[in-house]
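This is the structure alone, sequence omitted:
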């Protein structure tokens, strides 16, 4: 399993515990984000932007590309939460298709994606379902997210 910075690990564990997020799959990431105070809008015409999050005039806003399949939208919501869990709140993050899943030179993007995988894919689900495809189907996430988050466990 990939690791996060210590502060991110603590924040993720607290979020999972606070929302009983790993009781069942799929993890209700949209509901969790809203309970954490995020206003989520599924927006058309974002082009290559998968998601963006920030605080504007005291309001936590998250825009998610509405043209993405459901599993990808779930991954992007969790990825945006990952930025905040990892302490990236001082930067508005824009995740483009070319960088979100494949551009690993950007440490912040990598850590946000690892946090997304760890939030959406409980360890028990990895053990129970066993293959990338079965885990992805049960957790309603794209297969690449399983591979990124749990490449050493599979």
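Now that the structure is in, tell me what you want to look at. Since we're looking at a predicted model, the values are computed, not measured.

Quick check: which ranges of the protein have low pLDDT?
In the prediction, the chain carries residues with pLDDT under 70 at positions 1-2, 89-105, 152-154.

any idea which residue of this structure is furthest from its center?
residue 57 (24.1 Å; C-alpha atoms, centre = their mean).

element containing residue 50?
In this assignment (DSSP states H and E), residue 50 forms part of strand 49-56.

just so I have it, where are all the strands in this protein?
38-43, 49-56, 59-65, 93-96 (DSSP state E).

and the angle from the longest one to strand 59-65?
Calculated by axes from the mean of the first three to the mean of the last three C-alpha atoms, to 10 degrees, strand 49-56 forms an angle of 170 degrees with strand 59-65.

Packing partners of strand 49-56?
With contacts taken as 3 or more C-beta pairs under 8 Å, 6 or more residues apart in numbering; DSSP states H and E, strand 49-56 sits against strand 59-65, helix 70-85, strand 93-96. Bear in mind the C-beta positions are built from the backbone N, C-alpha and C, glycine included.

Which one, of the ones you listed, ends up nearest to residue 131?
helix 70-85 (16.0 Å; C-beta to C-beta).

now for the helices and strands packed on strand 49-56, which one comes closest to residue 8?
With C-beta to C-beta, the closest approach to residue 8 among those belongs to helix 70-85: 5.5 Å.

Next, the buried residues of that closest one.
Buried residues in helix 70-85, defined by neighbour count with 16 or more other C-beta atoms under 10 Å: 71-85.

which two from those residues end up farthest apart in space?
With distances taken as C-beta to C-beta, the most widely separated pair in those is 71 and 84, at 21.4 Å.

give me the number of residues near the spatially closest residue to residue 78 that is not a sequence neighbour?
Once flanking residues are discounted, residue 78 sits nearest to residue 116: 3.5 Å by C-beta to C-beta, 6 or more residues apart in numbering. Using other C-beta atoms under 10 Å, residue 116 is surrounded by 28 other residues.
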